[in-house]
Structures are given as structure tokens and as C-alpha cells.
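> any chance you can model this:
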Amino acid sequence: MTDQAPNDAPQRDPLLDALRRAVQAAPDDVALRVHLGQLLLDAGRTEEATAEAAAALATAPADSSAAALMLAALQPGTGSLAEPETAAAPTTQAARPVPEFDWHAAEQQVDHIAEAAFVDDGATPDADPSSAWSPESSSVTFADVGGMEHVKARLTASFLAPLANPELRALYGKSLRGGLLLYGPPGCGKTYIARAVAGELGARFISVGIADVLDPYLGVSEQNIRGVFEAARAAAPCVVFIDEIDALGQRRSQTRSSSVRGMVNQLLTELDGVDGGNDGVFVLAATNQPWDVDPALRRPGRLDRTVLVLPPDAPARQAVFRSELSRRPVEGIDLATLAARTEGFSGADIAYACEVAAERALMDSVATGTPRLIGMADLTAAVSELRPSTGPWLDTARSVVTFGEDDGTYAELRAYLKKRKR
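Model prediction:
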């Protein structure tokens, strides 16, 4: 091959042209591409050789021949992949050191081909678990809760009266800590009454469910529980409401899961306040299945007080009807009659009855083309279509108090079932 001037265009080489066509036909053939790059490097066409080396490495990043070609192309004067046989160097001359590969220069050569392998997204894997919980304020008070007078009285004795009377609290040595288990049929206002406690106390409120805590990775669920209580202690006075406590604190004798056992143990530790004082942290837990809660959670100093939240009585049912209908166009509603016809209904049942009545009025308005108000007939028809959802729970509860072991925890439930003759 004849020499060419530095500024002259490279002469056409039939062999190189043939190899280029072969590479275009088989772009993933690394060996063929490396061979083309070596010939280009031998011809002094370094930039083209570098491009072929980069393409080969993009196809096969671990290929040693492609890496050697890139090294030879980026280090001027290193020559081909295999040094041609020449006369042996004098024995007194030290062997030429192998040049160190300049990775920075290599990145500059190929940084237009691919994005960086790793990007710092600013994640903080060791973040404080308590930072995930933001205590909120509650605007609900006992005035917003219809009926439930016995529940309010128990909550007042446990939390409200000691906080409102600091002198008497100090005299009787009553601490600002404690736990209370609310149990009863679903849909009867356990969450609502917990928010009302926070509103009466003027305290912050944290609501916790199984989905907020449970994590598939070992130890993270326990860390989440610890974070809840750390956030509550920092925001004291604070009400921590644990919904479906039977899922988080189920009987350890009934499970073989180490993760469930770990959650229960961590919950016991936090309720005891071993790592920090729980003064000003009020724990309310709710469940529909109190017989599935681990007995250790109901020992003194933990969730030691139990309150039965029954289906709303007549005044409470009137209050629920009034609340649900206050946002709808109604006329001629007799709340006392509705309350009398919904004995055993939960608050959720009553809310659904109001929804059905509104739907009847809406569809009638669509059919006639004239909007009308929701009347007593709509609500009476809606109530007659429904059955109380509390029935199955009460049947289960009757079996538990009749045939199960009862240490007196369910005395209130037993009296209620006897009164209702279930």
C-alpha cells in the first residue's frame, strides 16, 4: 500500500471495502469487525479503527480481542494487536513497559454510544422509619358521635379525664399512657370513635393498618411498627389507632410464620415503652375478632381495657341518618320511624340505605325528566330491601361466649346477646 499525504483522502482499498460489506451483512460478528478494525489501524486510520472497536465492545463487552483493539487504537504508537516479529532487543535494554489503559479517554471516545451505567438518584436506604408517618389533626369530637354513651364514658375515664385534670392525675398517680381494645361487629364506628378521642384530647392522630406495616422483607415490618411509635412519641399527645389488630397481633400459638411472631413481639415491646416513655401516647386498637388477638397484648399496661362497640342504638341511628341525608335533597323524613325500622343495622348499613334511596330518586327523575326530592317512601323501600350485616358476626360471637373459654373479657357481650335472645 502506497504512502499518502496526511491531508489526502484515504485511498480506496478493495480488501477493506469487502470487509466493510461483510460487516454490514453480519454486524454482530465480533471477530470479523475486530479484523476490519486491525486492518484500519495498520493503515493508520485510527478513528475508523476506534469506531469498529467500540461497535465490537457494544456487542460483546467482555471480548478480549475487541478490548485489545480499543487499547491499541487509543494508545498511539502501540501498533497492532500482536507485535510483528523483529530483531531481539539488546539484552541490556529493559523491556518496554505495557502502557496503562486510559479508561477516562475511553469513556470520552464512546460516551455518545450509551448512557452511564449507574445514576445516583439521591435515595437514602437507611432513612429514619418514623419519617414515613405523619401525625394528623382530628376535627371530630364526641359531639359528632351519636349515641354510644357507654363507650364515651369508658374512653373519658381512660384518657380524657386524666388529661383534663392534671392535679388529680398527679394525686392518684395516673399516667398519661394506656391502651384500649375496641371490638364489635364491622361498620359500627370504631374508627370514627377513635378519631373523636383524638379530637377531644386535642391530640394528633396516626391510623395504622396491616397494609401500612406488613413488608415481605425480613425485619422491615418490625421496623415499620417501631417507626409508628417513634413518630407518636415525638408528636405526643398522640392517639395511635391500630385497625384490625387481630391481623397485626394474632395469636402466636396459631401461626408458624416467623414474620408474624416478629410483628407481635415488636408490638409488645412498643406498648411497654421499653425504648422510650409512652406518656402522652394513647393506643386504641380495633378488631372484629377479639378472640384471635394474642393474649399477651391484653395484659395490664398494654391493651388492658376492652370496650364493646355495639350496633348503634336508636339515637345513634337517627344521628347517622341525619348525617347521611344532610348532603342530599330530602323532604318529609321521619328519623324516629327510620330508626325504629333499622334495629340491628350498623352505621355502614344505614349509609348504604341512604345511597339506595338516593339512587331510586335519581332514576325516577331520569325516567320522568323532572328532578324530585328524596322522600320517606324511598328510604322505607331501601330499608326493606336490606338485612343487617351484623347478624353473622353476632352468631359467631354467640358461639365463642357459649362454647369458648371466657375469662370475663366478654361479659358485656354475653349480656347483650342474652338481652337480644340470640
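> where are the low-confidence patches of the stretch 151-300 of the chain?
176-178, 256, 274-276 (pLDDT under 70).
> quick one: the strands in it?
177-183, 204-208, 238-242, 281-287 (DSSP state E, counting those that start in this stretch).
> adding distance to E324, write the ones you listed out as TSV.
To be clear about C-beta, it is placed using only N, CA and C from the backbone, and glycine gets the same treatment. Shown next, in TSV, are those (distance: least, C-beta to C-beta, whole Å):
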stretch	distance to E324
strand 177-183	22
strand 204-208	22
strand 238-242	23
strand 281-287	22
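> according to the record, where do the domains of the protein fall?
13-78, 130-308, 314-385, 391-420 (automatic domain parsing).
> make a markdown table from those domains and add mean neighbour count to it.
Below are these laid out as a markdown table (neighbours: other C-beta atoms under 10 Å):
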| stretch | mean neighbour count |
| --- | --- |
| domain 13-78 | 17 |
| domain 130-308 | 18 |
| domain 314-385 | 17 |
| domain 391-420 | 14 |
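> by contact count, what packs against the longest helix belonging to the chain?
In the chain, taking DSSP state H as the definition, the longest helix is helix 347-368. Where contact means 3 or more C-beta pairs under 8 Å, 6 or more residues apart in numbering; DSSP states H and E, helix 347-368 is packed against helix 314-325, helix 376-385.
> ok, which of those comes nearest G301?
Ranking the helices and strands packed on helix 347-368 by proximity to G301 (C-beta to C-beta) places helix 314-325 first, at 31.8 Å.
> now do the same contact list for the spatially most central residue of the chain.
Centre of the chain computed as the mean C-alpha position; nearest residue by C-alpha atoms, centre = their mean is D212, 4.9 Å away. Counting by C-beta atoms under 8 Å, 6 or more residues apart in numbering, D212 makes contact with N224.
> for it, give its distance to D243.
D212 is 9 Å from D243, where distance means C-beta to C-beta, to the nearest Å.
> same thing with E385?
29 Å.
> what's the answer for S134, then?
Distance from S134 to D243, by C-beta to C-beta: 17 Å.
> with A25 instead?
66 Å.
> likewise S137?
S137 is 19 Å from D243, by C-beta to C-beta.
> if we can go back for a sec, among the strands of the stretch 151-300 of the chain, which comes closest to V293?
When those are compared (using C-beta to C-beta), the closest one is strand 281-287, at 6.1 Å.
> which neighbouring elements make contact with the helix or strand just after the closest one?
As assigned by DSSP states H and E, the chain's next helix or strand after strand 281-287 is strand 305-308. Strand 305-308 is packed against helix 149-155, strand 177-183, helix 411-420, with contacts defined by 3+ C-beta pairs under 8 Å, 6+ apart.
> let me have those in CSV, adding distance to D349 as columns.
CSV is the format used below for the helices and strands packed on strand 305-308 (distance: least, C-beta to C-beta, whole Å):
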stretch, distance to D349
helix 149-155, 19
strand 177-183, 18
helix 411-420, 16
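> wait, which of the ones you listed is closest to N265?
It's strand 177-183; of the helices and strands packed on strand 305-308, that one is closest to N265 (C-beta to C-beta) at 16.3 Å.
> wait, which of the strands of the stretch 151-300 of the chain is closest to D334?
Nearest of the strands of the stretch 151-300 of the chain (C-beta to C-beta): strand 177-183, 31.5 Å.
> show me what the closest one is packed up against.
helix 149-155, helix 190-201, strand 281-287, strand 305-308.
> related to what we said a few turns ago, how far is the longest helix of the chain from where the chain is centred?
Distance, stretch centre to chain centre, for helix 347-368: 34 Å (C-alpha atoms, centre = their mean, to the nearest Å).
> quick one: residues in contact with it.
Under C-beta under 8 Å, 6+ apart, the answer for helix 347-368 is 186-189, 192, 312, 316-317, 320-321, 324-325, 328, 342, 345, 371-375, 378-379, 381-383, 385-386, 388-390.
> if we go to 7 Å?
187-189, 312, 317, 320-321, 324-325, 328, 342, 371-372, 374, 378-379, 381-383, 385-386, 388-389 (C-beta atoms under 7 Å, 6 or more residues apart in numbering).
> of all the helices and strands packed on strand 305-308, which lies closest to A72?
strand 177-183 (74.2 Å).
> got the contact list for that closest one?
158-159, 190, 193, 245, 271, 278-279, 281-287, 290, 298, 302-309.
> by how many degrees do that strand and helix 411-420 diverge?
Orientation check (axes from the mean of the first three to the mean of the last three C-alpha atoms, to 10 degrees): strand 177-183 against helix 411-420 gives 30 degrees.
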